[in-house]
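Colleague: requesting a structural model of the entry that follows:
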Amino acid sequence: MSVVAAILICSVIALTAFFAPGELLIIVGGMVPTMAAALIDQSPRRMVTQCVGAMNFAGVSAVMALAWNNGGTLDAALTLLSDPYAWLLMLVGAAVGWSLTWAGRAVAARVVAHMVDRQVRQLRDVQAKLVTDWGRHVLEEK
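Modeller: Take a look at the predicted model:
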């Protein structure tokens with residue numbers, strides 16, 4: 001991370017802490033699964049972190065909307081953070097992200113296996129046509 005990006009992030013956090021401490025508290029508390037995913041994910045593009053983070057933020061944003069409906073104060077945020085259903089909403093978002101990551105890999109593996117099988121069948125059909133046209137000697141290795 002560059003120095004400019006670090007300064008920008010710190011500035012945004014400081015402004016948020018000053019103008020919207022309740023929202024910052026909900027975001028920091030609710031996005032813990034994304035922080036854990038960022039620590040675990042070692043891939044160059046951090047796809048797991050992106051997937052878990054997006055779904056986790058969806059759950060956190062729903063809780064933030066509830067806080068805004070209750071006045072948007074620090075007290076409203078603390079009340080929501082003491083509610084187990086609010087935590088369930090935030091953590092289910094992260095769980096959906098992890099599930100999509102797991103299911104996405106399984107689906108991709110099946111799709112690739114199907115594509116390889118189809119390509120092998122096509123090559124065998126071409127090979128059979130070559131044997132029909134040229135004879136069995138085209139199968140011999142030299």
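Colleague: nearest the geometric middle of the chain, what residue?
Modeller: By CA atoms, centre = their mean, the chain has its centre lying nearest to Cys51, at 0.8 Å.
Colleague: my read: that residue touches Gly97, true?
Modeller: Yes. Assessed by CB atoms under 8 Å, Cys51 is found in contact with Gly97 at 4.8 Å. Where you see a C-beta, it was placed from the backbone N, CA and C, and this is true even at glycine.
Colleague: flag the shaky bits of this structure, pLDDT-wise.
Modeller: Residue ranges of the chain with pLDDT under 70: 1, 142.
Colleague: helices or strands next to the longest helix belonging to it in the packing?
Modeller: Using DSSP state H, we find that the single longest helix of the chain is helix 84-134. Packing partners of helix 84-134 (3 or more CB pairs under 8 Å, 6 or more residues apart in numbering; DSSP states H and E): helix 21-30, helix 32-40, helix 47-69.
Colleague: now that helix: how far from the chain's centre is it?
Modeller: Distance of helix 84-134 from the chain centroid (CA atoms, centre = their mean, to the nearest Å) equals 17 Å.
Colleague: what angle separates that helix from helix 21-30?
Modeller: Between helix 84-134 and helix 21-30, the angle comes out at 50 degrees (axes from the mean of the first three to the mean of the last three CA atoms, to 10 degrees).
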